[in-house]
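Chemist: give me a model of this one.
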Amino acid sequence: MPEISLKRSLSRMGIAIFLFYLSVALPLPVVSVFAVKELGLANWLGGLAVGISFLSTILSRKYAGYFADVVSRKKCTVIGLLLYMGAAAICAAASLRGLSAGTAYAVLIAGRLVLGFGESMALLGLLTWHFSLIGHRHSGKIISVGGMAMYGAFAAGGPLGFLIYKNSGFAALMAASFLFPVIGYAMLYGLRDVLVQSSGDKREPFMLTIGRVWKLGTVVSLQGVGFAVLGAFIPLYFLSKGWPYAGFCLTGFGAGFVFNRIAFGHLPDKIGGVLIAVVSLAVETAGQCLLWLAPGVVFALAGALLTGLGCSMVYPAMGVEVIRRIPPELRGTGFGGFAAFQDVAYAFSGLIAGLLADHFGFSVVFLFGAAAAFTGIIMTLTIRKPAKLS
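Modeler: Here you go, the predicted model:
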């Protein structure tokens, strides 16, 4: 693909992901606050409300991969965006007057589950669609730009979500989350679909495909704990300390994340992913430790920035290694299985961290994140070069 066309395609994809991922990013730092402060529930239930969307993402990854490989990658994306909109509408209903705390929480959980299904369909559909449009040799760039757009949305969406929530309430926040997928799809409306490469008849068993990528996925899962605990508990951590600027922790995380993707996003395609992942996980470990031990708000913001710098390149580094291990006709399924490992971290880290916070205070959740990242370093060092695909 010519360089100008490649840049145009990547830019269009990145802007679209940024816009529709604001539907996820805007409520992320608010959901736990809504559950704990407005509904009066325990910290672990606030963490569960954040993480439960990732559980439905895990459970739908296989179906999303199959749909993208066998039916249509464009349709997979569109269905995901419609689910984003439905999720926002359901979550908005949780703030209706007259609902008991238990009923409101159940409605909120239902909306978060729909959101997770939408995320599985939308992001997997869009990434595999562009693998086909642009070519797998640019897979590292595609993953890097996609992740940069997602976490750019987190950087902008964190403070914006808090601002909307503080001034207009939870329902207004979810109304904004409803609109952004519509705007994002406008960027992709005229883009051609790509014929699928698999008939679905003689496909490799799903668990065999997972066997190709489980170690890479485990590294990404361990990396994801740091972001999961930051996203779920940084507002409550700051409130417990009496510190301002909690929303700017997600901004700092996103800024570090996007900077590294811009500066080093080309490296996985050139040198592979193992060394990049080791260095990145070491930086993430340092950032989580700084958050754990922070004596003041400046140190905490610096820890969030370091966490973003560290998390940034692990997913594309391991993603390139996945593409090298999976044949083209199985890339939707294989990449979906790989992505599910990160979803595991997002789904269960909030719950585990919430239980820890209830017993030991909020700072300990970042020690949990640091331990996970350090374990990821050890796992990465055991990865070997892939055999060539036949």
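Chemist: please report phi then psi for residue 127.
Modeler: phi -70, psi -50 (degrees, to the nearest 10).
Chemist: not counting its neighbours along the chain, what's nearest it?
Modeler: residue 146 (5.7 Å; CB to CB, 6 or more residues apart in numbering). No exception for glycine: its C-beta is placed from N, CA and C like everyone else's.
Chemist: cool, residue 66 as well?
Modeler: residue 333 is the one closest to residue 66 (CB to CB, 6+ apart), at 6.2 Å.
Chemist: same check, this time on residue 158
Modeler: Nearest in space to residue 158, with sequence neighbours left out and distances taken as CB to CB, 6+ apart, is residue 250 at 3.0 Å.
Chemist: let me see the mean pLDDT of whichever strand or helix holds that neighbour.
Modeler: Element membership of residue 250 [criterion: DSSP states H and E] is helix 247-264. Across helix 247-264, the average pLDDT comes to 85.
Chemist: again, but for stretch 28-41
Modeler: 89.
Chemist: now do stretch 327-337
Modeler: pLDDT averaged over stretch 327-337 gives 77.
Chemist: one more: stretch 121-140?
Modeler: 83.
Chemist: buried ones in it?
Modeler: By neighbour count on 16 or more other CB atoms under 10 Å, the buried set for stretch 121-140 is 121-134, 138-140.
Chemist: those residues in helices, which ones?
Modeler: The helices, defined by DSSP state H, take in 121-134, 139-140 from the buried residues of stretch 121-140.
Chemist: is the residue nearest to residue 127 within a helix or a strand, and which one?
Modeler: Assessed by DSSP H and E, residue 146 sits inside helix 139-168.
Chemist: and the next helix or strand past that helix?
Modeler: For helix 139-168, the succeeding helix or strand toward the C-terminus, using DSSP H and E, is helix 170-186.
Chemist: how about the CA coordinates for that following helix, as PDB?
Modeler: Output in PDB follows, covering the C-alpha atoms of helix 170-186 (Å, rounded to 0.1, in the frame of the first residue of the first chain):
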ATOM      1  CA  PHE A 170     -25.200  10.200  35.300                       C
ATOM      2  CA  ALA A 171     -28.000  10.200  32.700                       C
ATOM      3  CA  ALA A 172     -26.500  13.100  30.800                       C
ATOM      4  CA  LEU A 173     -23.100  11.200  30.900                       C
ATOM      5  CA  MET A 174     -24.700   8.100  29.300                       C
ATOM      6  CA  ALA A 175     -26.500  10.300  26.700                       C
ATOM      7  CA  ALA A 176     -23.100  11.500  25.500                       C
ATOM      8  CA  SER A 177     -21.900   7.900  25.500                       C
ATOM      9  CA  PHE A 178     -24.900   7.100  23.200                       C
ATOM     10  CA  LEU A 179     -23.900   9.700  20.600                       C
ATOM     11  CA  PHE A 180     -20.200   9.100  20.100                       C
ATOM     12  CA  PRO A 181     -20.500   5.700  18.300                       C
ATOM     13  CA  VAL A 182     -22.800   7.400  15.700                       C
ATOM     14  CA  ILE A 183     -20.200  10.000  15.000                       C
ATOM     15  CA  GLY A 184     -17.400   7.400  14.900                       C
ATOM     16  CA  TYR A 185     -19.300   5.200  12.300                       C
ATOM     17  CA  ALA A 186     -19.600   8.300  10.100                       C
END
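Chemist: does the residue nearest to residue 127 touch residue 14 like I think?
Modeler: Yes. Using CB atoms under 8 Å, residue 146 makes contact with residue 14 at a distance of 7.1 Å.
Chemist: between those two, which has more neighbouring residues?
Modeler: residue 146 (25 against 21; other CB atoms under 10 Å).
Chemist: mind checking how far the residue located most distally from the centre of the chain is from residue 155?
Modeler: Relative to the centre of the chain, the most outlying C-alpha is that of residue 98, 33.4 Å out, by CA atoms, centre = their mean. The spacing between residue 98 and residue 155, counted by CB to CB, to the nearest Å, is 36 Å.
Chemist: can you check residue 333 too?
Modeler: Separation of residue 333 from residue 155 (CB to CB) stands at 31 Å.
Chemist: now do the contacts for the residue nearest to residue 66.
Modeler: Residue 333 makes contact with 62, 65-66, 69, 203, 206, 209 under the criterion CB atoms under 8 Å, 6 or more residues apart in numbering.
Chemist: helix/strand/coil for it?
Modeler: With DSSP: H, G, I helix; E, B strand; the rest coil as the basis, residue 333 sits in helix.
Chemist: now stretch 52-61: how far from the chain's centre is it?
Modeler: 11 Å (CA atoms, centre = their mean, to the nearest Å).
Chemist: who touches that stretch?
Modeler: 24, 109, 112-117, 119-121, 124, 336-337, 339-340, 343-348.
Chemist: could you give the angle of the longest helix seen in the chain to helix 247-264?
Modeler: Identified as the longest helix of the chain according to DSSP H is helix 206-241. Using axes from the mean of the first three to the mean of the last three CA atoms, to 10 degrees, one finds that helix 206-241 and helix 247-264 are set 140 degrees apart in direction.
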